[in-house]
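Student: Mind folding the following:
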Amino acid sequence: MAQQGRKAARSQFIDAMNELFPPHLFRNLESHGHTEWKPRRLVWISVIMNWMPGKTLTERFSAARRLVKSVQPRWTLPGTYSGFVAAQLKWGSQLQLRLQNALRPDDSFADSWRILGWLVFAVDGTRVECPRTTANEAGLGCAGKEKTCPQVFQTTLQHVGTGLPWDLRLGPGTDSERTHLREMLEGLPPQSLLTADAGFMSYDLAAWLCAHGHPFVMRVGGNITLLEGLGWEVAGNAELVSLWPQNKRHLRPVILRAVKFSSEGGLPAVLLTNVLDSEKLTEATAREIYSLRWGIELYYRTLKQTWGFNLLQSRRLETTLNEQWWRVISLWSLQKLTAVRLQARGRSPRHFSGAGVRREIREFLDEVMQGHPGRSLDERLARAVKDNFTRKGPKQTRRWPRKKHETPPQPPVQRTAKAREVQKAKRLGAIILLLS
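Tutor: I've put the predicted structure just below:
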């Protein structure tokens, strides 16, 4: 019975890994120099080691290597962690796009592919601390306060309907999330809607999204000045404003629509959208889309707090970025497996529970190693969902001295355009989103 349980668990495990990373994914990869690590085997170990408990990288690497060796006894798996990392770095640039494409959601997710009729993506950034080594300080720098450790900055594009990542960028803690976003924009599907918190909005971003047919709903803060009355009118009851900063007056103004509401703290808040017709995108829908941006905050909480990926262990720039990238891919892989199974059972992939899937995958991997029969992997992943608790009042938390408490963004400055500004804008024309 134990032998049958072991074989069943191992078979399910192999099937799941092949579902994520089918063998054909690794064809036609160019080998640069001698390496004992084959790409497929390298990916398996890289992903699995971040599912394993353990305090050190070498400890988790050894545990993952033992597990893979037990299910794939014919595979040659070199035993040194240093050689493994060298192989990760060697194969990394060829593997990254292939793995991201394999893990991205698509329209097979049916009702979860679009939200409220829109293909919505959220973007946000976060920092992860690193060891304070000389190499990390030189390569990563220290962002923020004087006593801050070296940090990695991660910016993520998330497909809101499924909660799955779509793309990401990593860099030193001094990097800009706006810069990261600009690098990812070309990879957005046609006419996808981008939503973001205050801090991302800029003239260049708004103009690019309009020119490439991407609608957006973004909060805007007090660092932005909006002009009223430049003279353009669009069908629908829209409160039109213009984004036309002083240093862009040689270019056409971007015509946008302001959606005003009160935030949870009662402060006035403003969303900007380039969907000017309020019949195509109502104020209620715009606000709901923006509220769904909270999913990317929950994703970072899962990554950094639930899974404990808030502190890296590598000691130089190249290996630090490599460690963080594989952490993201590891969680992304589990989330994709769970999303597929939730979808098959008629549940939203956004119900994914990071804590639940960590518990279930670790118990399942123990069964793979020990051969104790238990629930199938499909059953386990389908159980990794959030509970149905509904909060009846505002959440109360203690104020911790070390916790960052950001001041809510102030509303933008709005003023009526002057006569000379109206005349110049009419000569230049305006940038307006055209949706098919």
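Student: Wasn't Asp125 part of a helix?
Tutor: One thing to correct before we go on: residue 125 is Gly, not Asp. No: counting by DSSP: H, G, I helix; E, B strand; the rest coil, Gly125 falls outside a helix, being strand.
Student: check contacts around it.
Tutor: Contacts for Gly125 were tallied using C-beta atoms under 8 Å, 6 or more residues apart in numbering; they are 153-156, 177, 180. For the C-beta atoms, the positions are set from N, CA and C on the backbone; glycine is no exception.
Student: and with 7 Å instead?
Tutor: Neighbouring residues of Gly125 by C-beta atoms under 7 Å, 6 or more residues apart in numbering: 153-155, 177, 180.
Student: quick one: the helices in the protein?
Tutor: 2-20, 39-48, 57-71, 81-103, 134-140, 177-184, 203-211, 283-291, 294-301, 317-344, 354-370, 377-383, 419-428 (DSSP state H).
Student: right, and Val152 touches Asn322 too?
Tutor: No: using C-beta atoms under 7 Å, Val152 is not in contact with Asn322, being 10.5 Å away.
Student: okay, the helices of the chain in a markdown table with distance to Arg127 and mean neighbour count next?
Tutor: Below are the helices of the chain laid out as a markdown table (distance: least, C-beta to C-beta, whole Å; neighbours: other C-beta atoms under 10 Å):
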| stretch | distance to Arg127 | mean neighbour count |
| --- | --- | --- |
| helix 2-20 | 28 | 16 |
| helix 39-48 | 23 | 22 |
| helix 57-71 | 20 | 18 |
| helix 81-103 | 21 | 16 |
| helix 134-140 | 10 | 17 |
| helix 177-184 | 10 | 17 |
| helix 203-211 | 21 | 18 |
| helix 283-291 | 23 | 17 |
| helix 294-301 | 10 | 18 |
| helix 317-344 | 11 | 21 |
| helix 354-370 | 19 | 18 |
| helix 377-383 | 30 | 19 |
| helix 419-428 | 39 | 13 |
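Student: Quick check: bridge partners of the residue nearest the centre of the chain?
Tutor: For the chain, the residue sitting closest to the mean C-alpha position, by C-alpha atoms, centre = their mean, is Thr156 at 3.3 Å. Following DSSP bridges, Thr156 is listed with bridge partners Asp124, Leu168.
Student: For it, which residues are in contact?
Tutor: 124, 165, 168, 296, 299.
Student: got it, and Glu129?
Tutor: So Glu129 contacts 149, 151, 310-311 (C-beta under 7 Å, 6+ apart).
Student: Can you read off the pLDDT for it?
Tutor: Glu129 carries a pLDDT value of 93.
Student: Reformat the contacts of Thr156 into TSV and put pLDDT next to each item.
Tutor: As requested, the contacts of Thr156 are exported to TSV (pLDDT from 0 to 100):
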residue	pLDDT
Asp124	97
Pro165	98
Leu168	97
Ile296	96
Tyr299	97
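Student: are any of the contacts of Glu129 buried, and which?
Tutor: 149, 151 (16 or more other C-beta atoms under 10 Å).
Student: Quick one, which of the contacts of Glu129 has the minimum pLDDT?
Tutor: Out of the contacts of Glu129, that is Cys149, at 86.
Student: which stretches of the stretch 1-150 of the chain aren't confidently modelled?
Tutor: 1-6, 31-34, 144-147 (pLDDT under 70).
Student: mind redoing it with 80?
Tutor: 1-7, 30-35, 141-148 (pLDDT under 80).
Student: The stretch 251-400 of the chain too?
Tutor: 263-267, 371-373, 387-400.
Student: how about a cut-off of 90?
Tutor: 261-269, 369-375, 386-400 (pLDDT under 90).
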